[in-house]
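S.K.: Generate a structure from the sequence data that follows.
(chains A, B, C and D, ligands or ions: 4)
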Amino acid sequence: MSAARRKEAAATSGSHAVAHAPDRDALYERMLLVRRFEERCVELYSSGLIRGFLHLYIGEEAVAVGVLDHLREDDAVVATYRDHGQALVRGVPIGPVMAEMLGKAEGVCRGRGGSMHLFHAPTRFYGGNGIVGGGLPLAIGLGLADRMQGRDRVTVCFFGEGAMAEGEFHESINLAALWRLPVLFLCENNLYAMGTALDRSESETNLAVKAASYEVPAWSCDGMDVLAVWEAARRAVELVRDSGGPVFLEAKTYRFRAHSMYDADRYREKAEIEHWRERDPLLLLRTTLLADGATEKDLEAVDARVTAVIDEAVAYAEAGTDEPVDELLTFVTSGR
Amino acid sequence: MSAARRKEAAATSGSHAVAHAPDRDALYERMLLVRRFEERCVELYSSGLIRGFLHLYIGEEAVAVGVLDHLREDDAVVATYRDHGQALVRGVPIGPVMAEMLGKAEGVCRGRGGSMHLFHAPTRFYGGNGIVGGGLPLAIGLGLADRMQGRDRVTVCFFGEGAMAEGEFHESINLAALWRLPVLFLCENNLYAMGTALDRSESETNLAVKAASYEVPAWSCDGMDVLAVWEAARRAVELVRDSGGPVFLEAKTYRFRAHSMYDADRYREKAEIEHWRERDPLLLLRTTLLADGATEKDLEAVDARVTAVIDEAVAYAEAGTDEPVDELLTFVTSGR
Amino acid sequence: MTTTAVQETTYREAVREAMREAMQRDERVFLMGEDVGRYGGGFGVSLGMIEEFGEVRVRDTPLSESAFVGAGIGAALGGMRPIVEVMTVNFVMLAMDQIVNTAAALRHMTGGQFSVPLVIRMTTGGGRQLAAQHSHSLENWFAHVPGLRVLAPGTIEDARCMLWPALLDPDPVVIVEHGSLYNAKGPAPTPGTEVDIDRAVVRRPGDDLTLVTYGGSLGLVLDAAERLAVEGISAEVIDLRVLRPLDSAAVAESVCRTHRAVVVDEGWRTLGMSAEVSARIMEDCFYDLDAPVDRVCTQEVPIPYAKHLEEAALPSVERVLTAARGAVGRDG
Amino acid sequence: MTTTAVQETTYREAVREAMREAMQRDERVFLMGEDVGRYGGGFGVSLGMIEEFGEVRVRDTPLSESAFVGAGIGAALGGMRPIVEVMTVNFVMLAMDQIVNTAAALRHMTGGQFSVPLVIRMTTGGGRQLAAQHSHSLENWFAHVPGLRVLAPGTIEDARCMLWPALLDPDPVVIVEHGSLYNAKGPAPTPGTEVDIDRAVVRRPGDDLTLVTYGGSLGLVLDAAERLAVEGISAEVIDLRVLRPLDSAAVAESVCRTHRAVVVDEGWRTLGMSAEVSARIMEDCFYDLDAPVDRVCTQEVPIPYAKHLEEAALPSVERVLTAARGAVGRDG
Ligand SMILES: Cc1ncc(C[n+]2csc(CCOP(=O)(O)OP(=O)(O)O)c2C)c(N)n1
Ligand SMILES: Cc1ncc(C[n+]2csc(CCOP(=O)(O)OP(=O)(O)O)c2C)c(N)n1
Ligand SMILES: [Mg+2]
Ligand SMILES: [Mg+2]
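M.R.: Numbers count the residues shown, from 1 in each chain, chains lettered A, B, ... in the order given. Ligands and ions are numbered 1, 2, ... in the order given. From the prediction side, this is the model:
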């Protein structure tokens, strides 16, 4: 998309840009979409249609949904290998996403990327990085380009709490603070990096305190409560946009599933998982919606709608074609 | 040196291990030795006998002298490319150090290392690293070995304030804090990394605050006042040894010379340099000594002694031989 | 099927047994890396070891490749014998400085005063649809660096038996384990088997041409040799297994006898291991060669996720057959 | 001496002029790296540029190689045209992950959606008594990686003229500048000179053998060719100058004509650039070769500080002469 087109698009994408109160129904539907999408992915993995690594976001949906609601179309998103949630919520078209998971030519990355590497230029979705912490330098670079070109865009960079031990985190947030780059550092603290608990990874486990030591405004929110995320992220995105400098936001969350499909999940207590499941973000919002007057039937209808969307995406993906093998070397360079 | 021999040596090296008050005369003499040594190096560089990079410690002598006085023989030192001061003060023999600068077979590293890479096994001097921040991981590994083997040794790791922006600093101090490794992180803050001023390198310029964010005890001292360094380092080394965990000490200092012999020093104000020269560590201690009763003649005698030692070292180095070229491939591997 | 007394094992178990044995024999040996403890290793290699040896000797590290590889260097200098696991080669780029500028250079740079008895293990290679960032084969980078020894165990026996001599080496050793080998099954090596970490080995004798390979490609090259035999082409298969120092003599001995060679490795073709092997054959066997040495490598493309594309990128039995036939002048 | 109108310049100034021109032509171009601003560049290359372009476009970075190289990638994606200076190749290992796993892989991994128009410049090589950690030549590592273009300007003209086309390339370009070239003097290229960043170039024609080289070794190879001429040996000198994609055709054309070749580069011999060139000559010219291709590279040792040892380690005119004489069968 050209800069001009993007500007225009941004101007018309009112719902995302200027909401002052959350649209709870929409948040619910988006979270459910991510949940059901990934549940379907598990099935497809079992039947061998999806292969490689598959990292599920189940349990963490409130984070992407609460955060990305505040972005304009011309803002940018940098994600990790656990990226289905961010991609779908950002608006990357679901059919091509599913086709990518299946390695089809119709996939967003024409089958080259797979689950870990979703990218989408039109929504400025910059992946999808399999290297822990690898997206951080790229994100500050996007911020640098915005600063140098005088644009008031925001780049949101997602990363796990485990990534904070990497040198890349340190170097990137320091540079962002020094140069005042408009980047939201969005830490998804799900307490584990594969099997490594936070307190075995960071000497300072209060991550907002840690980030604040870089002179970056930093705070935490309840990552299971989408409304709490929404509010915290609203402040954060606004502050980045208004100040032009970085902000750090920690969302305290939890993954209900194993790290990836290969993980036997030996390092966590069942009781701990159960405890967090009680705070399932879908459950929490569902309770609120019901209390606010929605009916079970309303919510079933949402589920049905979401399922239909996913069915369609799967059908699209399954009907997809294989990229011809003689295209193997396309896209290595521009071939200029 | 075998562990047994080292233990023995440590037991008899009383002067370094158990001093409760600084021996000011000795500190003065050591600082002067470093100063005169490097002044001689400049001459030798001009006459082409020393080549490559030469980074001078002139102005910063109080740091190495104040810190290393507290080490036992079985403790370890990790230095940077600006390592002449640390090496000499640690007790690496001056003749072989000078021979190394001249690339002679009689050099500590048989001419392979040069100025940036002084190493000395008997004094557990682990160099001499040309990669900024490169010594930090190695230092925590030495600490790890000590912890695993139940030894109460201390490893002092010197690095510049510029190194703190590197990912290696972050990863290393975090690991040291997590694993409680007996390492003293000794930051020589001379305000510049080549031409880059501290406030263009770190978003948080209070370096002790920065280090404390890793849950590591951290404080600063006046790096121009050797007695202040001595006292701060005494506490620091004691705390590392007693607690078994890491400590961070910042010495606020200044280099009077350019970064290296290639540097035209365009990035600093003359006035700034002059201002710091007034706090020359040798000048400060000299004033104290004179006030305490030493005479000009006493101090001249020290100078004469030091000069004689250096003359001898230079003579030793100049009389040194070239390593035979057919030894080129020796020491690449054990040749096992 | 068979009911012999020989115990079956896997490559994964062989690596684990090698580490267990080393830790039992020498208390200075310990294992550290990301998730080697509670998780049991990214590929399950160290499963159960933290229970057996405790968390002091099986150390989970934070995500800090540069620091924990460097800590391994320091610990080695401090008298320990660390085995550092870098989960996969894909992440080792973050620790490259420590490996090249410190571990490999230290002995020489210090005039022989210090050495770094460190073993760094890592999973390498593609073939499991892990896409561009998780399918690298960078053993050629390590093999370029003086001061390192680089081992590529391609069999269960080598996986089981190369670790101990690697730990005895006073110098840093990098061991690359191809990820698709972990599930390989076979008989457990008899206790006490000694394996050379200096020399290549002939895995299959032959007269018509030499196939040179190692690690993850060994299996497909042996398969290709089998099929060539059916076609009446007798291929000798050399498993380099030591990538540095490269055993050129073994390769030369074979090629000067067969007069033809194909080199197979999973790295990208340009400057992959095969380039060096080809250049050495040029130097050592030029006057004995009857055909140019050919290379079968990975196509020069970041490895794609889609199965059919990934397969097209990686070396295959078919591509080895084509090259081999070409070398002996059939269908060439 | 001469009073022609041709302006004298240096390699250093040529690089600077190239950057100045680019920044004048395209406001998206900017320079960032350690000490490129106030200090004027570790090797004085960017002296005066911060005064001319201001600190927004000539950006001093903290010591954070991974972050600022990665920031270059992001800035390129964000529409800028960054020139990132990594002070020397010795420090680029800290940024290797960003270069290989992101910059090089992105276009393919995204199915062609994104490209990374980034130029990364760095000083390389030895010869200045900087010892083991400051004398690397790792261009072969970059040349191994699909998705990168790698340039090695060995002349003032190339230093002056390769940057602009590199900036026009939609893909990441690594430019290695040998540190001992900066002071090289010669005529300034006439304005508007265009230089190819796809093709090698013949620097000296000859018939008896081909000497293939690039970058920091070009000078000594030309010297060697001069001396060979005196001995009656006519050596063609090919300057690869583009290390990826490698212009094998140019090499093959020459070698198939001269029937003999020596490849010279300053990397360690095993898996250095020469290995690939030798392997390609094997593939392209086997039946035309009259002698094995020889390589003159750096000895396999971390570069020592002492002058005589360093000289013994690096390629020299003498060593090229010996190899060349060997190749043509004199004193061989
Ligand atoms: C540099 C690097 N090291 C190791 C890995 C292997 N790995 C993949 S995910 C992961 C855990 C990351 O944890 P965290 O950052 O907390 O994110 P989460 O998976 O919890 O979302 C590890 C160790 C990797 N991909 N990259
Ligand atoms: C990783 C790395 N990057 C860049 C350099 C080049 N360099 C050498 S010293 C230096 C400045 C270091 O500053 P600081 O850490 O403050 O130490 P100081 O020189 O002031 O003692 C730089 C940039 C290097 N040697 N290593
Ligand atoms: Mg996590
Ligand atoms: Mg400094």
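S.K.: where do the helices sit along the chain?
M.R.: Picking chain A for this. Remark: helices assigned in chain A by DSSP state H are A:3-12, A:14-17, A:24-46, A:61-68, A:84-90, A:94-101, A:135-148, A:167-179, A:207-212, A:226-243, A:270-277, A:281-291, A:296-318.
S.K.: Sorry, I should have been clearer: chain C.
M.R.: C:11-25, C:49-57, C:65-77, C:89-92, C:96-97, C:106-109, C:139-143, C:156-161, C:163-168, C:218-230, C:248-258, C:273-285, C:307-313, C:317-327.
S.K.: Any idea which of the ones you listed gets closest to residue B:328?
M.R.: helix C:106-109 (9.7 Å; CB to CB). Yep, even glycine has a C-beta here, placed from its N, CA and C like the rest.
S.K.: and residue 274, how many neighbours does it have?
M.R.: I went with chain A, as the question did not name one. Burial of residue A:274 is recorded as 10 neighbouring residues (other CB atoms under 10 Å in any protein chain shown).
S.K.: that's the wrong chain, I wanted chain C
M.R.: The number of residues packed near residue C:274 is 29, by other CB under 10 Å.
S.K.: same deal with residue C:229?
M.R.: For residue C:229, using other CB under 10 Å, the count is 14.
S.K.: And the closest residue to it other than its chain neighbours, how close does it get to residue C:263?
M.R.: The spatially closest residue to residue C:229, leaving aside those adjacent along the chain, is residue C:235, at 7.3 Å (CB to CB, 6 or more residues apart in numbering or on different chains). Separation of residue C:235 from residue C:263 (CB to CB, to the nearest Å) stands at 13 Å.
S.K.: any low-confidence regions in the chain?
M.R.: Reading this off chain A. Counting by pLDDT under 70, chain A has low-confidence residues at A:1-19, A:336.
S.K.: my bad, the chain I had in mind was chain C
M.R.: C:1-5, C:331-332.
S.K.: center of it, which residue is that?
M.R.: The centroid of chain C falls nearest to residue C:152 when counting by CA atoms, centre = their mean (1.7 Å).
S.K.: so what's the residue of the stretch 1-150 of chain C found nearest ligand 1 up against?
M.R.: The stretch 1-150 of chain C approaches ligand 1 most closely through residue C:91 (3.9 Å), counting by CB to the nearest ligand atom. By CB atoms under 8 Å, 6 or more residues apart in numbering or on different chains, residue C:91 lies in contact with A:131, A:132, C:65, D:97.
S.K.: try 10 Å
M.R.: Contacts of residue C:91 were listed using CB atoms under 10 Å, 6 or more residues apart in numbering or on different chains, and they are A:130-134, A:166, C:34, C:42, C:63, C:65, C:69, C:122-123, C:133-134, C:136, D:97, D:101.
S.K.: okay, now the residue nearest to residue C:229: neighbour count?
M.R.: Other residues lying near residue C:235 total 30 when counted by other CB under 10 Å.
S.K.: I'd say it and residue C:202 touch.
M.R.: No: contact status for residue C:235 versus residue C:202: not in contact, 11.1 Å apart, counting by CB atoms under 10 Å.
S.K.: shared neighbours of the two, anything?
M.R.: Joint contacts of residue C:235 and residue C:202 (CB under 10 Å, 6+ apart) are residue C:210.
S.K.: returning to what we had before: pull up the gap between the residue nearest to the centre of chain C and ligand 1, please.
M.R.: From residue C:152 across to ligand 1, the span is 21 Å (CB to the nearest ligand atom, to the nearest Å).
S.K.: what's around the residue in the stretch 1-150 of chain A that ligand 3 sits nearest to, how many residues?
M.R.: When distances are taken as CB to the ion, the stretch 1-150 of chain A reaches nearest to ligand 3 at residue A:82, 8.6 Å away. For residue A:82, the neighbour count with other CB under 10 Å is 25.
S.K.: Contacts only, for the residue in the stretch 1-150 of chain C that ligand 3 sits nearest to.
M.R.: Proximity of the stretch 1-150 of chain C to ligand 3 (CB to the ion) peaks at residue C:63, 9.6 Å away. Shown in contact with residue C:63 (CB under 10 Å, 6+ apart): A:132-133, A:160-169, A:193-194, A:196, A:201, B:171, C:34-35, C:87, C:91, C:94.
S.K.: Can you give me the end-to-end span of stretch C:162-174?
M.R.: Using CA to CA, to the nearest Å, the end-to-end distance of stretch C:162-174 comes to 11 Å.
S.K.: Just checking it against chain B, any contact.
M.R.: Yes: counting by CB under 10 Å from any CB of the partner chain, chain B is contacted by stretch C:162-174 at C:165, C:168, C:169, C:170, C:171, C:172.
S.K.: how about these in CSV, adding neighbour count?
M.R.: As requested, the residues of stretch C:162-174 next to chain B are exported to CSV (neighbours: other CB atoms under 10 Å in any protein chain shown):
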residue, neighbour count
C:165, 17
C:168, 14
C:169, 19
C:170, 16
C:171, 22
C:172, 29
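S.K.: these two touch, right, residue C:107 and residue C:171?
M.R.: Yes: the pair residue C:107 / residue C:171 is scored as a contact, 6.6 Å apart, by CB under 10 Å.
S.K.: Please list the residues of the stretch 101-250 of chain A that sit near ligand 4.
M.R.: Residues of the stretch 101-250 of chain A lying near ligand 4 by CB under 5 Å from the ion: none.
S.K.: Tell me what the residue of the stretch 101-250 of chain A found nearest ligand 1 is bridged to.
M.R.: Residue of the stretch 101-250 of chain A nearest ligand 1, by CB to the nearest ligand atom: residue A:160 (2.1 Å). With DSSP bridges as the criterion, residue A:160 is bridged to residue A:188.
S.K.: That one: what's it in contact with?
M.R.: A:60, A:80-82, A:132-133, A:187-194, A:198, A:201, A:253, A:255, C:63.
S.K.: Report the contact partners of residue A:232.
M.R.: A:66, A:67, A:219, A:220, A:221, A:222, A:223, A:225, A:249, A:250, A:251.
S.K.: Quick check: whichever residue of chain C sits closest to ligand 2 vs chain D, distance?
M.R.: Residue of chain C nearest ligand 2, by CB to the nearest ligand atom: residue C:97 (7.3 Å). Separation of residue C:97 from chain D (CB to the nearest CB, to the nearest Å): 4 Å.
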